[in-house]
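Asks: Model the structure of this input:
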Amino acid sequence: MRYRRGWIAIALLALLSPLGLLAVGVAWGEWDIGTIHEKIGFRPRGMERAVQKTPEAPMPDYEVPGMPEGGVGSSIGLVLSALIGAGLTAGSALLIARLTRHGKIS
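Replies: Model prediction:
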């Protein structure tokens, strides 16, 4: 396999993602509109409109539906989110590379 080391590195990083649960507070950039208001002192109008139009996430807060919240359930959700995100990103990149290589997109 041509990219074996890269896939192994991605899998290791995905498996390490639950270490973030040990951190205090919330992850940078994963703030709701209320937290942003606390940090900067106002609610940006564009963000408020975007929040109202945003569909529900398939795995809100990285929780797997049916799994207990916190502990192992959170760890499984984080690893699944990391693997799904990496897979979708890699798949999209491969699709774009394949389409551009064969001259279908210029």
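Asks: Just the buried residues of the strand or helix carrying residue 10, please?
Replies: Applying DSSP states H and E as the criterion places residue 10 in helix 4-16. Residues of helix 4-16 classed as buried: 10, 14 (neighbour count, 16 or more other CB atoms under 10 Å). C-beta coordinates here come from the backbone N, C-alpha and C atoms, glycine included.
Asks: what does the next helix or strand after that helix contact?
Replies: Note on helix 4-16: by DSSP H and E, the next helix or strand toward the C-terminus is helix 33-40. Residues from elsewhere that reach helix 33-40, judged by CB atoms under 8 Å, 6 or more residues apart in numbering: 26, 31, 43-44, 47-48, 51.
Asks: between these, which is nearest residue 87?
Replies: Distance to residue 87, by CB to CB, is smallest for residue 26 among the contacts of helix 33-40, at 25.4 Å.
Asks: Setting aside sequence neighbours, what's the nearest residue to that closest one?
Replies: Once flanking residues are discounted, residue 26 sits nearest to residue 35: 7.1 Å by CB to CB, 6 or more residues apart in numbering.
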